[in-house]
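Peer 1: Got a predicted structure plus its sequence, pasted below:
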Amino acid sequence: MAKSTKTIADLVRAWKAENIAHVQFELPDMHGVSRSKLVPISHVESYATKGLNMYGGTVVLDSASSVVGNTLYNEEVNYADQYLKPDLDTAIIVPWLDRTARLICEGHWEDGTPQKAAPRWVLRQLLDKANSLGFDVKLGLEYEFYVLAPETSEPYFGGLHIFNTLRNRYIPLIDQIMDEMPKAGIDLITANSEYAPSQFEINFAPSFGIEAADQAFTFKNGVKTIAHQMGQNATFMTKPFSDTAASGCHVHIGLIDKETGQNIFLDNSDSDGLSSTARQFIQGMMDHTPASMALLAPTINCYSRFKPHTFAPSNVSWGPQDRSAAVRAKNSRDDNTHLENRLGTGLSNPYLAVAAVLATGLLGLEKGAEAKTPKAKSGPAEENPNYKSLPTTIEESLTALNKDTRFSDMLGDEFVEAYTTMRWNEIGRFRSHITDWEKQEYLEIY
């Protein structure tokens, strides 16, 4: 990966030497989708220095790319331009594109004010808060996805084939992803077929801070691009079919002492191998689960995932090594000890998924109370009736987000207002739509 502490001039000089002709200035939007402008190499230095103009409301577009009123960045500013400022540490040559490099950017207004509703900006502020408390944040994101035939939008094979060796590489796309991603600096560690037909999971090594979210952003958008090039459709939609498994995103998180390099979540004198800090972090996630799900499960479709006996959580719970719990303590009793939040869905934005987990955990540390939510002791957490149920709709989660002022404050007023307005607009569009189920159920008989 072409990490750079050099100037943009040095970077452009090196890219020209490698015959790079174009550079994508990419903006991660509310959904984790890459919005970009393609800039000829001859103009990159100028735009990187002064900022690349782009419609200012791009980051708050809804899932249909609709312009939504009252999201702060549209009519409120007369639909003004923002200016994309690149983070040079995100510079890579994109191996699946012809003679093309990439820079991830954040938007600023003409006077230099940042767009504080932008997901990458929100996450950076939370990481800065963690750093100020003496922590480096180690992160890993595990995304599942389907590969579908473009003509039919159906899986390439049926049945249940998790870890089946033949199915692991049944689709040539998987080998292509495995070959291309490392060239973009994504350190792949495992790949396998998942539970549902034509569903896969490809994991990459954890990293620190904003780099982890940047890599997940690169991975998701790269997988979709490579699939398109091969005539296929890779989708991270949470539940594309009513009769097959949903796709999740598990967020793995650990805190490292900035001075000593020690794992702050590890305590081998504890019965579970977890420190008091880890237990406080867990309780923060428990306390703010309903509100955090507005980010971890951000769409109407996501709530079809949370059902018992599907390896997805269905209640507000935690437990050591419990795959049915909302939070799984990966208490390996060594430096790999960390926490795994299993509420994230395949469609979740990596910047916001990490922001939700980190914000709730930091609130737990701020409160200073160890987990009052008991761990799952006997049997899976999903079978324990004493745990509170998860929100069952995005409406419940958005309402919880607005009521949870401590969590909302961590994200920032500008983000919460823009995000919730945009999401409620999506809900309104969906509620006005007549579904195929309604027609099949009511049209002929009634």
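Peer 2: Done, it's in. Not measured: the values here are computed from a predicted model.
Peer 1: State the next helix or strand along the chain beyond the helix or strand containing residue 293.
Peer 2: If you go by DSSP states H and E, residue 293 is part of helix 289-296. Next helix or strand after helix 289-296 toward the C-terminus (DSSP H and E): strand 318-320.
Peer 1: helices or strands next to that following strand in the packing?
Peer 2: If contacts are counted by 3 or more Cβ pairs under 8 Å, 6 or more residues apart in numbering; DSSP states H and E, strand 318-320 sits against helix 276-287, strand 327-330. Quick note: C-beta positions are derived from backbone N, CA and C, even for glycine.
Peer 1: Ramachandran coordinates for the nearest residue to residue 216 once chain neighbours are set aside?
Peer 2: Using Cβ to Cβ, 6 or more residues apart in numbering and skipping the chain neighbours, the partner closest in space to residue 216 is residue 350 (3.6 Å). Note on residue 350: backbone dihedrals following degrees, to the nearest 10 are phi -60, psi -40.
Peer 1: doesn't residue 33 make contact with residue 350?
Peer 2: No. Between residue 350 and residue 33 there is no contact under Cβ atoms under 8 Å: 11.2 Å.
Peer 1: Looking at these two now, which is surrounded by more residues?
Peer 2: residue 350 (27 against 18; other Cβ atoms under 10 Å).
Peer 1: so who does that one touch?
Peer 2: Counting by Cβ atoms under 8 Å, 6 or more residues apart in numbering, residue 350 touches 32, 141, 212-213, 216-217, 220, 249.
Peer 1: now with 10 Å?
Peer 2: 28, 32, 119-120, 123, 139, 141, 143, 212-220, 249, 251, 344 (Cβ atoms under 10 Å, 6 or more residues apart in numbering).
Peer 1: Which of those residues fall in helices?
Peer 2: 119-120, 123, 212-220 (DSSP state H).
Peer 1: would you turn these into a markdown table with pLDDT, neighbour count and distance to residue 99?
Peer 2: Below are the ones in helices among the contacts of residue 350 laid out as a markdown table (pLDDT from 0 to 100; neighbours: other Cβ atoms under 10 Å; distance: Cβ to Cβ, whole Å):
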| residue | pLDDT | neighbour count | distance to residue 99 |
| --- | --- | --- | --- |
| 119 | 98 | 28 | 29 |
| 120 | 98 | 26 | 26 |
| 123 | 98 | 28 | 31 |
| 212 | 98 | 26 | 28 |
| 213 | 98 | 28 | 27 |
| 214 | 98 | 23 | 22 |
| 215 | 98 | 26 | 22 |
| 216 | 98 | 27 | 25 |
| 217 | 98 | 23 | 22 |
| 218 | 98 | 25 | 18 |
| 219 | 98 | 22 | 22 |
| 220 | 98 | 24 | 23 |
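Peer 1: any idea which of those is closest to residue 383?
Peer 2: Checking these against residue 383 with Cβ to Cβ, the nearest one is residue 216 at 31.6 Å.
Peer 1: The closest one touches residue 140, doesn't it?
Peer 2: Yes. Using Cβ atoms under 10 Å, residue 216 is in contact with residue 140, at 9.0 Å.
Peer 1: Pull out the buried residues from stretch 315-325.
Peer 2: Across stretch 315-325, burial judged by 16 or more other Cβ atoms under 10 Å covers 315-320, 322, 324-325.
Peer 1: now stretch 297-314
Peer 2: Residues 297-306, 311-314 are the ones in stretch 297-314 that count as buried (16+ other Cβ under 10 Å).
Peer 1: Need the pLDDT of the closest residue to residue 363 other than its chain neighbours.
Peer 2: Distances taken as Cβ to Cβ, 6+ apart put residue 284 closest to residue 363, at 4.5 Å, once the chain neighbours are dropped. On the pLDDT scale, residue 284 is placed at 97.
Peer 1: So residue 284 versus residue 407, what's the distance?
Peer 2: Counting by Cβ to Cβ, to the nearest Å, the gap between residue 284 and residue 407 amounts to 9 Å.
Peer 1: Give me the common contacts of those two.
Peer 2: Common neighbours of residue 284 and residue 407 are listed as 292, 359-360, 363 (criterion: Cβ under 10 Å, 6+ apart).
Peer 1: if you look at those residues, which of them are in strands?
Peer 2: With strands identified by DSSP state E, none of the entries of the shared contacts of residue 284 and residue 407 belong to them.
Peer 1: Tell me the most packed of those residues, by neighbour count.
Peer 2: residue 292 (31 neighbours).
Peer 1: ok, of the buried residues of stretch 315-325, which one's closest to residue 161?
Peer 2: Among those, residue 324 lies closest to residue 161 (Cβ to Cβ), at 21.6 Å.
Peer 1: re the thing from before, turn the ones in helices among the contacts of residue 350 into a markdown table, including distance to residue 229.
Peer 2: Formatted as a markdown table, the ones in helices among the contacts of residue 350 follow (distance: Cβ to Cβ, whole Å):
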| residue | distance to residue 229 |
| --- | --- |
| 119 | 26 |
| 120 | 26 |
| 123 | 29 |
| 212 | 26 |
| 213 | 25 |
| 214 | 22 |
| 215 | 20 |
| 216 | 20 |
| 217 | 19 |
| 218 | 16 |
| 219 | 16 |
| 220 | 15 |
